[in-house]
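Visitor: Return a 3D structure for these sequence lines:
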Amino acid sequence: MLGYYNVISIVRSPNVLQIPNIEDKYPYNKLSMSTRVKSYLTHLEHPIPAILKYIYKNVAIVDFGRDTKKYPLASYYNIPNQAYIINIGYFHRPLYDIPFRDILAAMLLVAPCKFEHINIMSGATAQLFQSIITKVFGKRFGLLSHSDTLRKIYDVSFIYVTSHDPIRSYIKALSKFMPGFNIGMFITSMLRLMSIAALPLVEVYHRLLGAVLASQIPNGIISYLPKFNITATNILYKQVISLFQ
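Guide: Numbers count the residues shown, from 1 in each chain. I've put the predicted structure just below:
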């Protein structure tokens, strides 16, 4: 098996899931929660506080209303303005009623997006994707009892990660030994068993690293991620932390 530390270079690019870019026309209202930020950061382990403090200097609150089809995610990164955008509409509640851990997790979800070039830890990423596919779809396709199939999932995941193929090509490749598997089933199952916050991580590497960061927030919107593969998650965590040092 190829090691965790295979790396290739990736540049931020458009995505198949049609995650929208945030346009300049939206207002950028600075997040005025400094007291709550400082208070919460004291309960988190290093080096998350340092990263959040960096983000906090350039974060904005934008309410996109309830247009969750156009703006389905909790946060975005605006490249022209280098701004981290928190979408209050994602939470379906007023700002004051949103758990602050979720605001912080939303910040971290897009933290790595400021970096144009990031080396992909292809081995660790493929291991994590293999674990997600196996645990989400294992029972339906009987994957857990076939070690050969598990190896194939890893191999297909590794090729997907290193070749920058569209996610539909990844799903099609998996369907060769997971009969009936398709993009609709993938999205529906991920939404049901995980959350919409998990969808971009299988397509955009910057979002994957952001999810790894956000998963460190206890009881946050994506804190379940390490449960899929703690070893792979730890390797990716070390990589994303190094970006901010």
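Visitor: drop to CA atoms for contacts and neighbour counts, all remaining ones
Guide: OK.
Visitor: Got the domain ranges for the protein?
Guide: 7-12+117-243, 29-114 (automatic domain parsing).
Visitor: For these, give me a markdown table that also has mean neighbour count and mean pLDDT.
Guide: Output for those, formatted as a markdown table (neighbours: other C-alpha atoms under 10 Å; pLDDT from 0 to 100):
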| stretch | mean neighbour count | mean pLDDT |
| --- | --- | --- |
| domain 7-12+117-243 | 18 | 86 |
| domain 29-114 | 17 | 70 |
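Visitor: which helix in the protein runs the most residues?
Guide: Ranked by residue count, the top helix of the chain under DSSP state H comes out as helix 122-141.
Visitor: elements contacting that one?
Guide: Helix 122-141 is packed against strand 7-11, helix 147-163, helix 183-193, helix 230-243, with contacts defined by 3 or more C-alpha pairs under 8 Å, 6 or more residues apart in numbering; DSSP states H and E.
Visitor: could you redo the last one with a cut-off of 10 Å?
Guide: Where contact means 3 or more C-alpha pairs under 10 Å, 6 or more residues apart in numbering; DSSP states H and E, helix 122-141 is packed against strand 7-11, helix 147-163, helix 183-193, helix 205-214, helix 230-243.
Visitor: And the next helix or strand past the second one?
Guide: Sequence order places helix 167-174 as the next helix or strand after helix 147-163, per DSSP states H and E.
Visitor: Next, the angle from that following helix to helix 122-141.
Guide: Computed by axes from the mean of the first three to the mean of the last three C-alpha atoms, to 10 degrees, the angle separating helix 167-174 from helix 122-141 equals 60 degrees.
Visitor: Show me the contact partners of helix 167-174.
Guide: 15-17, 133, 149, 152-153, 156-157, 159-161, 164, 175, 178-186, 202-204 (C-alpha atoms under 10 Å, 6 or more residues apart in numbering).
Visitor: So which of the helices and strands packed on helix 122-141 is nearest Tyr84?
Guide: helix 205-214 (12.2 Å; C-alpha to C-alpha).
Visitor: could you give the angle of the closest one to helix 230-243?
Guide: Angle, helix 205-214 to helix 230-243, by the same axes, to 10 degrees: 100 degrees.
Visitor: can you offset everything so residue one is 4?
Guide: Shifting the count to begin at 4 puts that one at helix 208-217.
Visitor: Give me the distance from helix 208-217 to the chain's centre.
Guide: In terms of C-alpha atoms, centre = their mean, to the nearest Å, the centre of helix 208-217 is set 4 Å apart from its chain centre.
Visitor: for it, packing partners?
Guide: strand 10-14, helix 51-59, helix 103-112, strand 120-124, helix 125-144, helix 233-246.
Visitor: Can you give me the first-to-last residue distance of stretch 75-85?
Guide: When the termini of stretch 75-85 are compared using C-alpha to C-alpha, to the nearest Å, they are 20 Å apart.
Visitor: oh sorry, the question was meant for stretch 180-188
Guide: Per C-alpha to C-alpha, the first residue of stretch 180-188 is 15 Å away from its last.
Visitor: List the contacts of it.
Guide: Residues contacting stretch 180-188 (C-alpha under 10 Å, 6+ apart): 140-141, 143-146, 152, 155-156, 170-178, 192-194.
Visitor: at 6 Å what do you get?
Guide: Ser178 (C-alpha atoms under 6 Å, 6 or more residues apart in numbering).
Visitor: same question, stretch 111-118
Guide: Residues from elsewhere that reach stretch 111-118, judged by C-alpha under 6 Å, 6+ apart: 209, 213-214, 216-217.
Visitor: let's see it at 7 Å
Guide: Stretch 111-118 is contacted by residues 58, 78-80, 85, 209-210, 212-214, 216-217 when judged by C-alpha atoms under 7 Å, 6 or more residues apart in numbering.
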